[in-house]
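show me the folded form of this:
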Amino acid sequence: MDAQNIFPVYRQPGEGDLTYLWYGILMLWALFMMDVITTEIILSFGGHEINTVMQSIVGYPLLHIVLKMAVLAMLAAVAYLSDRLTNKYGTIAIMAVSAWYIFVVAHNVIQMITL
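A predicted model of the protein is given here:
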(Lines give C-alpha, C1' and ligand atoms only; values in the text may rest on other atoms or scores of the structure.)
Protein backbone atom coordinates (compact mmCIF):
# COMPACT_ATOMS: atom_id res chain seq x y z
CA MET A 1 0.00 0.00 0.00
CA ASP A 2 1.48 3.33 -1.03
CA ALA A 3 0.98 6.85 0.30
CA GLN A 4 -1.49 7.65 -2.49
CA ASN A 5 -3.98 5.18 -1.06
CA ILE A 6 -3.38 5.97 2.60
CA PHE A 7 -3.32 9.77 2.26
CA PRO A 8 -5.65 10.80 -0.57
CA VAL A 9 -4.64 14.45 -0.20
CA TYR A 10 -1.31 13.69 -1.88
CA ARG A 11 -1.20 13.45 -5.63
CA GLN A 12 1.26 12.82 -8.37
CA PRO A 13 3.67 15.71 -9.01
CA GLY A 14 2.49 17.91 -11.84
CA GLU A 15 -1.21 17.12 -11.46
CA GLY A 16 -3.85 19.77 -10.98
CA ASP A 17 -4.66 23.30 -11.97
CA LEU A 18 -2.60 26.09 -10.41
CA THR A 19 -4.79 28.96 -11.69
CA TYR A 20 -6.12 29.89 -8.26
CA LEU A 21 -2.61 29.93 -6.85
CA TRP A 22 -1.52 32.49 -9.45
CA TYR A 23 -4.63 34.60 -8.77
CA GLY A 24 -3.78 34.45 -5.07
CA ILE A 25 -0.18 35.48 -5.68
CA LEU A 26 -1.35 38.39 -7.83
CA MET A 27 -3.81 39.44 -5.13
CA LEU A 28 -1.08 39.21 -2.47
CA TRP A 29 1.23 41.32 -4.66
CA ALA A 30 -1.49 43.98 -4.91
CA LEU A 31 -2.03 43.91 -1.15
CA PHE A 32 1.71 44.20 -0.51
CA MET A 33 1.89 47.22 -2.81
CA MET A 34 -1.15 48.79 -1.14
CA ASP A 35 0.54 48.24 2.22
CA VAL A 36 3.69 49.98 1.01
CA ILE A 37 1.76 52.89 -0.51
CA THR A 38 -0.53 53.41 2.47
CA THR A 39 2.38 53.14 4.90
CA GLU A 40 4.31 55.78 2.94
CA ILE A 41 1.28 58.09 2.98
CA ILE A 42 0.88 57.63 6.74
CA LEU A 43 4.58 58.37 7.30
CA SER A 44 4.41 61.47 5.11
CA PHE A 45 1.58 62.83 7.28
CA GLY A 46 3.55 62.32 10.47
CA GLY A 47 2.33 58.87 11.41
CA HIS A 48 4.61 56.05 12.49
CA GLU A 49 5.12 52.37 11.81
CA ILE A 50 3.62 50.18 14.53
CA ASN A 51 5.59 47.05 13.59
CA THR A 52 8.92 47.37 15.41
CA VAL A 53 10.64 45.00 12.99
CA MET A 54 9.68 47.16 10.01
CA GLN A 55 10.38 50.57 11.63
CA SER A 56 13.92 50.77 10.30
CA ILE A 57 12.90 49.56 6.83
CA VAL A 58 9.84 51.68 6.02
CA GLY A 59 11.93 54.85 6.01
CA TYR A 60 13.39 53.66 2.71
CA PRO A 61 10.55 53.04 0.22
CA LEU A 62 12.70 51.12 -2.27
CA LEU A 63 14.01 48.81 0.47
CA HIS A 64 10.44 48.36 1.69
CA ILE A 65 9.31 47.29 -1.79
CA VAL A 66 12.33 44.99 -2.26
CA LEU A 67 11.64 43.30 1.07
CA LYS A 68 7.95 42.80 0.23
CA MET A 69 8.85 41.33 -3.17
CA ALA A 70 11.43 39.01 -1.59
CA VAL A 71 8.82 37.78 0.88
CA LEU A 72 6.31 37.38 -1.95
CA ALA A 73 8.81 35.39 -4.02
CA MET A 74 9.54 33.09 -1.08
CA LEU A 75 5.84 32.60 -0.31
CA ALA A 76 5.07 31.97 -3.98
CA ALA A 77 7.83 29.38 -4.29
CA VAL A 78 6.78 27.52 -1.16
CA ALA A 79 3.09 27.68 -2.13
CA TYR A 80 3.85 26.47 -5.67
CA LEU A 81 5.87 23.52 -4.40
CA SER A 82 3.17 22.75 -1.85
CA ASP A 83 0.45 22.83 -4.51
CA ARG A 84 2.49 20.50 -6.70
CA LEU A 85 2.67 17.98 -3.85
CA THR A 86 -0.64 18.42 -2.07
CA ASN A 87 -4.17 19.35 -2.93
CA LYS A 88 -4.27 23.17 -2.86
CA TYR A 89 -2.56 23.67 0.52
CA GLY A 90 -0.21 26.23 -1.02
CA THR A 91 -3.17 28.15 -2.41
CA ILE A 92 -4.86 28.03 0.98
CA ALA A 93 -1.71 29.40 2.62
CA ILE A 94 -1.52 32.28 0.11
CA MET A 95 -5.18 33.06 0.77
CA ALA A 96 -4.55 33.07 4.54
CA VAL A 97 -1.67 35.54 4.15
CA SER A 98 -3.85 37.63 1.81
CA ALA A 99 -6.64 37.68 4.39
CA TRP A 100 -4.18 38.97 6.98
CA TYR A 101 -2.96 41.69 4.63
CA ILE A 102 -6.53 42.79 3.93
CA PHE A 103 -6.68 43.67 7.62
CA VAL A 104 -3.27 45.37 7.46
CA VAL A 105 -4.31 47.55 4.52
CA ALA A 106 -7.69 48.28 6.11
CA HIS A 107 -5.89 49.38 9.29
CA ASN A 108 -3.62 51.63 7.23
CA VAL A 109 -6.60 53.20 5.46
CA ILE A 110 -8.29 53.85 8.80
CA GLN A 111 -5.07 55.46 10.06
CA MET A 112 -4.93 57.62 6.93
CA ILE A 113 -8.47 58.83 7.53
CA THR A 114 -7.74 59.75 11.14
CA LEU A 115 -4.55 61.70 10.33
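
list the contacts for residue 34?
105, 108 (Cβ atoms under 8 Å, 6 or more residues apart in numbering). Yep, even glycine has a C-beta here, placed from its N, CA and C like the rest.

what kind of secondary structure is it in?
helix (DSSP: H, G, I helix; E, B strand; the rest coil).

so residue 53 sits in a helix?
No - going by three-state DSSP, the assignment for residue 53 is coil, not a helix.

any idea how far residue 84 lies from residue 107?
In this view, residue 84 and residue 107 are 34 Å apart by Cβ to Cβ, to the nearest Å.

doesn't residue 109 lie inside a helix?
Yes - when three-state DSSP is applied, residue 109 is found to be in a helix.

what sits closest to it if chain neighbours are left out?
residue 38 (6.2 Å; Cβ to Cβ, 6 or more residues apart in numbering).

per-residue pLDDT, the residue nearest to residue 89 when sequence neighbours are not counted?
Spatial nearest neighbour of residue 89, chain neighbours left out: residue 82 (5.0 Å); criterion: Cβ to Cβ, 6+ apart. pLDDT, residue 82: 91.

just give me how far the helix or strand containing residue 82 sits from the chain centre.
Assigned by DSSP states H and E, residue 82 belongs to helix 61-85. The chain centre lies 7 Å from the centre of helix 61-85; the measure is Cα atoms, centre = their mean, to the nearest Å.

next: stretch 32-50.
17 Å.

what about residue 38, how many residues close to it?
20 (other Cβ atoms under 10 Å).

contact partners for it?
105, 108, 109, 111, 112.

and stretch 95-108, which residues are buried?
By neighbour count on 16 or more other Cβ atoms under 10 Å, the buried set for stretch 95-108 is 95, 97, 98, 101, 104, 105, 108.

quick check, nearest of the residues you listed to residue 49?
When the buried residues of stretch 95-108 are compared for distance to residue 49 (Cβ to Cβ), residue 108 wins out at 10.3 Å.

you'd agree the closest one is up against residue 36?
No - using Cβ atoms under 8 Å, residue 108 is not in contact with residue 36, being 9.8 Å away.

list the contacts of the closest residue in space to residue 101 that isn't next to it in sequence.
Spatial nearest neighbour of residue 101, excluding adjacent residues (Cβ to Cβ, 6+ apart): residue 31 at 4.0 Å. In this structure, residue 31 makes contact with 98, 101, 102, 104, 105, judged by Cβ under 8 Å, 6+ apart.
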